[in-house]
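>>> Return atomic coordinates for the entry below.
(chains A and B)
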Amino acid sequence: MLHTISVLVDNKPGVLARVAGLFSGRGFNIECLAVNETLDPTVSQMTLVTRGDDQLIEQIIKQLNKLIDVIKVVDLESGDYVGREMALIKVNVDDTKRSEVLSIIDIFRGKVVDISPSYYTIEVTGDEDKVKAIIELFRPIGIKEIARTGKVALTREGKERKP
Amino acid sequence: MKLKGAEIFLECLLREQVKVIFGYPGGSVLDIYNHLYDAKIRHILVRHEQAAVHAADGYARATGDVGVCLVTSGPGATNTVTGIATAYMDSIPLIVFSGQVPTPLIGNDAFQEADIVGITRPCTKHNYLVRDVKELATVIKEAFYIARSGRPGPILVDLPKDVMRESAEFHYPEQLTMRSYRPTYKGNKRQIARAMEEIHKARRPVIYAGGGVISSNASKELTTFAKKINIPVTTTLMGLGGFPGSDPLCLGMLGMHGTYRANLAVTNCDLLIAIGARFDDRVTGDLNTFAPSAKIIHMDIDPTSISKNIKVDIPIVGDVREILKDCLAIISEEKIKKEPRAEWFTEIEHWKATHKLSYKQGANIKPQQVIEKIYELTRGDCIIATDVGQHQMWTAQFFSFDRPRTLLTSGGLGTMGYGFPAAIGAQVAYPERTVIDIAGDGSIQMNIQELATAVQYQLPVKIVILNNHCLGMVRQWQELFYDKRYSQSTFEAHPDFVKLAEAYGAVGLRASKPDEVEAVIKKGLSTPKTVIMEFVVEGEEGVYPMVPAGAPINKMILL
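Numbers count the residues shown, from 1 in each chain, chains lettered A, B, ... in the order given. Okay, here's the model as predicted:
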């Protein structure tokens, strides 16, 4: 099953290479990855989505913890969390399609961020399913290109977490 | 006090009580070598950087201290990779300091530039590129701390030439604060209590001890524990010497070339107590049939070792010495008496009697005979290094290791060419002890240039070459699993090893018949010089028992 794992690391050169190298060297999967500085500029947060059974996920978490630069690893699947990703989608629009596209954007609470005579660039934010769904709706209309972020996530406050 | 980078480097090594560096100079480390000229640290000049790392590794295994190497950038650094990977697989504490091109040239494909930090990232415990001389002292302090703490391992520190020439205020940190690295030493009390409950009531228990027993200096605790609670002990290749090989409770090594009794005891036990071992494939064979009806207790300092290959019932993370001490504190001899294990020991005795380790004498010298003779003549009071292959397995089988840190062997990576330089490292650490490298005719040639090093420093290392004129283990696999198609496993040209020894200024001896073996070993051991003893041995001898790769370990090919 898919697991979203949050990894706090020392903000040093080469840390991303260590994490990526660990995954490739041990044959673990990375479905997506987002890296950013946190409030503390000496710490970066990586949010990564990986796939595997319980034993494999346990091993991934232990291996991540073993890296010297890793400060903390949390398997977000062990509790409740909010996860979001963002997509920019460039959709073909001609006069016949414009209103359909706009109504889809409205339903998904997306935004048009760039307009040209034949394309809309649309920004949409949500969980993975929502982003997937809007892409599927635009596909028959005609998508020119897509750019997606990896998932970022935070735990929900006030919920008990398994250790 | 302002010091140059190179001076800070040497000052840090002195603070860490480094007594010897194994190294090889070159352009990027000339500043360090310039200051080393007057420093109170011994430097051993090897003949190839790979050997510098193996020598530091042998030094570390024999003493328990951190081994130190110094090499130049580019090829000097890349030549260390095999040595680093060897140390990484066997959790050996050592630090490789590599020169690097000046920081403004990094990334420019400069002369003798290699991204050694990138190259060694997957085979070091951690590595560093020092970009600022102000960080140097802290990085070195961290490197030593990380190398020797937790599950030990090799560290690489890359030192650009300009950083070695720049000056900074020298201050060696007293303490380190590392928020991201805090190894666990004490085992969880509740887990230890649960484990002891199982241990007390087990009827057919076995201890499976690995290299962790040696790296945490837990041999004494393990021996006391096993004897008090009356449990037989099998060790891995890395664990040999962690429990006395001649003790009646010792079952010998387990796994692919393990003893019949060890493999059957593990297969039939009801409780397996793994101590500082990692369930390597050469030990477990087929995972589904490994200790199938046993509960498993696993004590290890590295959480990733636990439940990696085999699901463990009672994991205990911590230093195995600390854990064993805590176990000893709550042993109940009363509870043990309630559960007689006589039946279990009778069964083990039976297995022991049916298939002892053995070999047949013949017209040619048998390699096992040489190893037994070395044990007999040294009474085991020596440090043995080996290379990799048949001779390594025969050494593990026929030499009874009674003390820890007396076997230096590349267990995890299986590095040919390891033994001789490792023996040099051990001999540097202990000039008065007998250090013997048992090698094959193939593997000795992978680092034979180090004869010059041994002779230069008057190191009386004894090299035993079991010469069967082939790559014996490769040949054995081809015989058993590849229809006797001996592809590229026979050497049709060899140097004359006796003359070769003499050419280097060492002593060369040779035995070609069984009745010459004893005299050659005696002569070799009593010669206070670097000696090669070549034994022309039976070419078709196999290592048995043998478990084919991936098969259940109770399905052995026996002699």
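>>> which residues of the stretch 251-400 of chain B score low on pLDDT?
In the predicted model of the stretch 251-400 of chain B, residues B:337-339 satisfy pLDDT under 70.
>>> Now find how far off-centre stretch B:434-453 is within its chain.
How far stretch B:434-453 lies from its chain's middle: 16 Å, per CA atoms, centre = their mean, to the nearest Å.
>>> Same question for stretch A:132-150.
15 Å.
>>> what distance separates the start and the end of that stretch?
Distance across stretch A:132-150, first residue to last, is 13 Å (CA to CA, to the nearest Å).
>>> buried stuff in that stretch?
A:133, A:134, A:135, A:137, A:138, A:148, A:150 (16 or more other CB atoms under 10 Å in any protein chain shown). All C-beta atoms are positioned from the backbone trio N, CA, C, and that covers glycine.
>>> Looking at those residues, spot the one nearest residue B:13.
Nearest to residue B:13 among the buried residues of stretch A:132-150 is residue A:150, at 43.4 Å by CB to CB.
>>> Show the pLDDT at the closest one.
Note on residue A:150: pLDDT of 90.
>>> hang on, the earlier thing: quick one: which two of the buried residues of stretch A:132-150 are the most distant?
Once CB to CB is applied, these give A:137 and A:150 as the farthest pair, at 22.1 Å.
>>> Just to be sure, which of the buried residues of stretch A:132-150 are found in strands?
Counting by DSSP state E, the buried residues of stretch A:132-150 place residue A:148 in strands.
>>> any idea which of the buried residues of stretch A:132-150 is the one closest to chain B?
Closest approach between those and chain B, by CB to the nearest CB: residue A:150, at 22.4 Å.
>>> ok, that closest one - contacts?
A:32, A:33, A:34, A:47, A:48, A:49, A:85 (CB atoms under 8 Å, 6 or more residues apart in numbering or on different chains).
>>> Where is pLDDT lowest across the buried residues of stretch A:132-150?
Ranked by pLDDT, the buried residues of stretch A:132-150 bottom out at residue A:150, which has 90.
>>> about what we covered before: reformat the buried residues of stretch A:132-150 into TSV and put distance to residue B:95 next to each item.
Below are these laid out as TSV (distance: CB to CB, whole Å):
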residue	distance to residue B:95
A:133	54
A:134	53
A:135	51
A:137	58
A:138	56
A:148	43
A:150	36
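>>> Tell me the one among the buried residues of stretch A:132-150 nearest to residue B:206.
residue A:150 (47.3 Å).
>>> And for residue 148, nearest residue in space, chain neighbours not counted?
Unless you meant another one, I'm taking chain A. residue A:87 (4.5 Å; CB to CB, 6 or more residues apart in numbering or on different chains).
>>> Sorry, I should have been clearer: chain B.
Spatially, and ignoring its direct neighbours in sequence, residue B:148 is nearest to residue B:93 (4.6 Å; CB to CB, 6+ apart).
>>> For chain A, see how far away the closest residue to residue B:335 other than its chain neighbours is.
With CB to CB, 6+ apart as the criterion, residue B:335 has its nearest non-adjacent residue at 4.1 Å, and that residue is residue B:200. When distance is defined by CB to the nearest CB, to the nearest Å, residue B:200 is 28 Å away from chain A.
>>> okay, now the domains of chain B?
B:2-169, B:189-354, B:367-536 (automatic domain parsing).
>>> Reformat those domains as TSV; add mean neighbour count.
What follows is those, written out as TSV (neighbours: other CB atoms under 10 Å in any protein chain shown):
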stretch	mean neighbour count
domain B:2-169	22
domain B:189-354	21
domain B:367-536	21
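>>> Format those domains as a markdown table; extra columns: distance to residue A:63.
A markdown table is the format used below for the domains of chain B (distance: least, CB to CB, whole Å):
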| stretch | distance to residue A:63 |
| --- | --- |
| domain B:2-169 | 12 |
| domain B:189-354 | 5 |
| domain B:367-536 | 17 |
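>>> of those, which approaches residue A:4 most closely?
Residue A:4 lies closest to domain B:189-354 among the domains of chain B, at 20.9 Å (CB to CB).
>>> In the stretch 451-559 of chain B, mark out all the helices, start to finish.
B:451-456, B:472-481, B:497-503, B:517-526 (DSSP state H, counting those that start in this stretch).
>>> Low-confidence stretches in the chain?
Looking at chain A here, since you left the chain open. Within chain A, the stretches with pLDDT under 70 are A:159-163.
>>> You answered for a different chain; I wanted chain B.
Across chain B, the ranges flagged by pLDDT under 70 are B:337-339.
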